[in-house]
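K.L.:
Sequence first, predicted coordinates after that:
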There are 2 protein chains.
Amino acid sequence: MTGTEIQEIQDDGIAEVAVLGVDKPLRLDSGAALGPIHVAYKSWGTLNEDKSNVVLICHALTGDHYVRGVNPITGKPGWWQNMVGPGCPIDTDRFYVICANVLGSCCGTTGPAEINPATGKPYGLDFPVITIRDMVKTQALLLDHLGIDEIFAVVGGSMGGMQALQWASLYPDRVRSVVAIATCWRHSAQNIAFHEVGRQAIMADPNWKGGRYYDEKDSPHAGLAVARMAAHITYMSESGLTNRFGRNLQDREALTFGFDADFQIESYLRHQGISFVDRFDANSYLYITRAMDYYDLSADHNGVLAEAFRGTKSRFCILSFNSDWLYTTEESREIVRALNGVGARVSFADIDMDKGHDSFLLECPELDDIIRGFLVSQAEQKGGGLS
Amino acid sequence: MTGTEIQEIQDDGIAEVAVLGVDKPLRLDSGAALGPIHVAYKSWGTLNEDKSNVVLICHALTGDHYVRGVNPITGKPGWWQNMVGPGCPIDTDRFYVICANVLGSCCGTTGPAEINPATGKPYGLDFPVITIRDMVKTQALLLDHLGIDEIFAVVGGSMGGMQALQWASLYPDRVRSVVAIATCWRHSAQNIAFHEVGRQAIMADPNWKGGRYYDEKDSPHAGLAVARMAAHITYMSESGLTNRFGRNLQDREALTFGFDADFQIESYLRHQGISFVDRFDANSYLYITRAMDYYDLSADHNGVLAEAFRGTKSRFCILSFNSDWLYTTEESREIVRALNGVGARVSFADIDMDKGHDSFLLECPELDDIIRGFLVSQAEQKGGGLS
């Protein structure tokens, strides 16, 4: 591993890129070796003397490390602006908060759009297929690089929650507490099905060209937009869509009897697709959805999820939303039951909110209160400078 | 209207094409006039002397009039082979059963792939946007043509159920009884959203060419397959997918760390997409999904659904499946409440079956029993040759 380069300072956070796995490439689940690996990350707050105040935030499928502050790619605020910061539920006056862009993504961390050192050209589909565990191992390399042994809390929603649970399973001695929100312990057939539709939409776009589009004039934006639209429906609840859009028309008094976006929901969905392609790489979408589909915490334990956590000393906070049909409350309950089965300390709450899966990204006072309370309680139990 | 041409006789049914609206074109909801209109239909059983034993079956989005017998397009049995026939729940020994391919479709009835008499070329997007009501008006023209005034029962699932309800609302004097299965009274924001994804997938396919692909070497098969894949997920329940496929691998012992169909669900879904394009026209998919999105029985009644049925003398049998998340049990209950509100005679059953929306097309003894019982009971009440 080599040095760390400070790129820019925004708001109260510091964005950096670490170069990892130079001397010793990372051995991936596929068997492939990958290195060097660039990892783009951002941090907030101050690391205390005994390095005991680290909160690692893991982001979702299309997220990034711009949790807080202006996202330089979109010019918009970070995706958890009100969750992380001074006085926020994840309080940067108390904690040293880190978030790294995941392996395979496209916001500064090594992924299919980055240059393959072996060829001098972008990886494209020569990039190895990765897993959630590979993402977590990469984050562990980053913490090694920063001289951090123990994480006070690993926190994430959706795919971020998968990483948080994977952290606890893979590195039980390094994780003091886990907050896993709106997530699951393995991708279901329906989850895989929706992702497969997205991948087929991308691959059906003639501009995809087998993943070798980086030097071309056009990218597979049309396919990627369709993939995003299909996925976006799964992020919202039926009642949430009905309450927000219903059958309301878009800037018109009556149906036009054509194929323009007559309904607000159509216009909204098209916007979601179009705006997504400006900030995300189609191949990264393929790789990260594949990693999520491959995710099954029970797979190495003969299908018994509880065994993935046997002997754990971590404290768990498992949170679901009752309107989330992508990763349902029942799936969170299955995680809770498995943790109970091995005597782990676990809190669980099913939050009443009608916004569906994306609730964890929206203003939700109950979510704020629970996360704040859980972290304060863990800090008090730990004592020292944290209480 | 002009004559009827017998095309072929298959099994125990007769397939015919009626040419309607020749002298007087059909005035559509859009304001456009359409004619002549070819309507492909198939019939089974014998029309009794007073023409009182007519059962009209309405098909779903991608269905056709090949309810029973060999479908000449696919070479497979009809889509309701076990529901309709001698001794079946819809008993062709007793009833004269008709099903017509809907307006806008591509199995013999006039739609965007058919020749526009004004230009001598396929309509493409010059075909007018149609509604569920336009489909029903076309069926009414067909019955006029056949000299049939009253329908003993109109029966349909999914979009077929929409037509059945629309029949009762539009022609209350012509419909004695209605069986509406797994359907709704208006398309929800989520319903529209899924259809919009499908349409965008088709329109994003460069082979679509604004709908003018009929003379081209290639059709927008890739986009249409993606549309079908996305829709197909909504036809199955999460638990049904888990029970049938789970995370089972397809013809392999372990994950391949690639983008082939590792999982059975991926392979199944790809097959659904690929096989669909051989039997369906992409423009028809656009038009029929649009008709479904435009469907809202309450729209002409200030949003009050009950008013769509005020004064009805029809008897209704409303059926839902508890695992159907596309058109939910709650939506069927809303229909029942509206019918109760105007004093209509209505039976309702929510059938316990874990196969999701497509349950109505699958073997379901409870569905068979209910439909058989409802029709027998209606026939006994009617008396005459039917009891």
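P.N.:
It's in. All of these numbers come straight from a predicted model, not from anything done at the bench.

K.L.:
Near chain B, which residues of the stretch 1-150 of chain A are found?
P.N.:
Residues of the stretch 1-150 of chain A lying near chain B by Cβ under 8 Å from any Cβ of the partner chain: A:Asp29, A:Ser30, A:Gly31, A:Ala32, A:Leu125, A:Pro128, A:Val129. C-beta: built from backbone N, CA, C; applies to glycine.

K.L.:
okay, which residue is most central for chain A?
P.N.:
By Cα atoms, centre = their mean, chain A has its centre lying nearest to A:Ala60, at 1.9 Å.

K.L.:
ok, it - contacts?
P.N.:
Contacts were defined as Cβ atoms under 8 Å, 6 or more residues apart in numbering or on different chains; by that measure A:Ala60 touches A:Gly156, A:Gly157, A:Ser158, A:Met159, A:Gly160.

K.L.:
Mind doing that once more with 7 Å?
P.N.:
A:Ala60 is in contact with A:Gly157, A:Ser158, A:Met159, A:Gly160, counting by Cβ atoms under 7 Å, 6 or more residues apart in numbering or on different chains.

K.L.:
same thing with A:Ile132?
P.N.:
By Cβ under 7 Å, 6+ apart, the contact list for A:Ile132 reads A:Met162, A:Gln163, A:Gln166, A:Ala291, A:Met292, A:Tyr295.

K.L.:
thinking again about what came up before, quick one: buried ones out of the residues of the stretch 1-150 of chain A next to chain B?
P.N.:
A:Asp29, A:Ser30, A:Leu125, A:Pro128, A:Val129 (16 or more other Cβ atoms under 10 Å in any protein chain shown).

K.L.:
Widest-spaced pair of these?
P.N.:
A:Asp29 and A:Leu125 (17.5 Å; Cβ to Cβ).

K.L.:
Which residues are in contact with the nearest residue to A:Gln378 once chain neighbours are set aside?
P.N.:
When the adjacent residues along the chain are set aside, A:Gln378 lies closest to A:Ser177, with 4.8 Å between them (Cβ to Cβ, 6 or more residues apart in numbering or on different chains). Neighbour list for A:Ser177: A:Phe152, A:Ala153, A:Ser314, A:Arg315, A:Gln378 [criterion: Cβ under 7 Å, 6+ apart].

K.L.:
Tell me the buried residues in stretch A:298-317?
P.N.:
Quick answer for stretch A:298-317 (16+ other Cβ under 10 Å): A:Ser298, A:His301, A:Leu305, A:Ala306, A:Glu307, A:Ala308, A:Phe309, A:Thr312, A:Ser314, A:Arg315, A:Phe316, A:Cys317.

K.L.:
any chance of the contacts of A:Ile132 in JSON lines, with secondary structure, pLDDT and distance to A:Cys99 too?
P.N.:
Shown next, in JSON lines, are those (DSSP: H, G, I helix; E, B strand; the rest coil; pLDDT from 0 to 100; distance: Cβ to Cβ, whole Å):
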{"residue": "A:Met162", "secondary structure": "helix", "pLDDT": "98", "distance to A:Cys99": "15"}
{"residue": "A:Gln163", "secondary structure": "helix", "pLDDT": "98", "distance to A:Cys99": "11"}
{"residue": "A:Gln166", "secondary structure": "helix", "pLDDT": "98", "distance to A:Cys99": "16"}
{"residue": "A:Ala291", "secondary structure": "helix", "pLDDT": "98", "distance to A:Cys99": "18"}
{"residue": "A:Met292", "secondary structure": "helix", "pLDDT": "98", "distance to A:Cys99": "18"}
{"residue": "A:Tyr295", "secondary structure": "coil", "pLDDT": "98", "distance to A:Cys99": "19"}
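
K.L.:
CSV for those, including distance to A:Phe348 and neighbour count?
P.N.:
CSV is the format used below for the contacts of A:Ile132 (distance: Cβ to Cβ, whole Å; neighbours: other Cβ atoms under 10 Å in any protein chain shown):
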residue, distance to A:Phe348, neighbour count
A:Met162, 17, 29
A:Gln163, 19, 29
A:Gln166, 19, 26
A:Ala291, 26, 25
A:Met292, 23, 21
A:Tyr295, 21, 23
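
K.L.:
With distance to B:Leu361 as extra columns, can I get those residues in TSV?
P.N.:
Formatted as TSV, the contacts of A:Ile132 follow (distance: Cβ to Cβ, whole Å):
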residue	distance to B:Leu361
A:Met162	35
A:Gln163	40
A:Gln166	40
A:Ala291	35
A:Met292	31
A:Tyr295	33
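
K.L.:
ok, which stretches of the stretch 51-200 of chain A are strands?
P.N.:
A:54-58, A:84-85, A:90-91, A:96-100, A:115-116, A:121-122, A:153-157, A:177-181 (DSSP state E, counting those that start in this stretch).

K.L.:
Quick one: those as JSON lines, columns for mean pLDDT too.
P.N.:
Below are the strands of the stretch 51-200 of chain A laid out as JSON lines (pLDDT from 0 to 100):
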{"stretch": "strand A:54-58", "mean pLDDT": "98"}
{"stretch": "strand A:84-85", "mean pLDDT": "96"}
{"stretch": "strand A:90-91", "mean pLDDT": "98"}
{"stretch": "strand A:96-100", "mean pLDDT": "98"}
{"stretch": "strand A:115-116", "mean pLDDT": "95"}
{"stretch": "strand A:121-122", "mean pLDDT": "96"}
{"stretch": "strand A:153-157", "mean pLDDT": "98"}
{"stretch": "strand A:177-181", "mean pLDDT": "98"}
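
K.L.:
ok and the longest helix along chain A relative to strand A:177-181, angle-wise?
P.N.:
Taking DSSP state H as the criterion, chain A has its longest helix at helix A:365-382. Calculated by axes from the mean of the first three to the mean of the last three Cα atoms, to 10 degrees, helix A:365-382 forms an angle of 170 degrees with strand A:177-181.

K.L.:
for the record, mean pLDDT for helix A:365-382?
P.N.:
Computed over helix A:365-382, the mean pLDDT rounds to 96.
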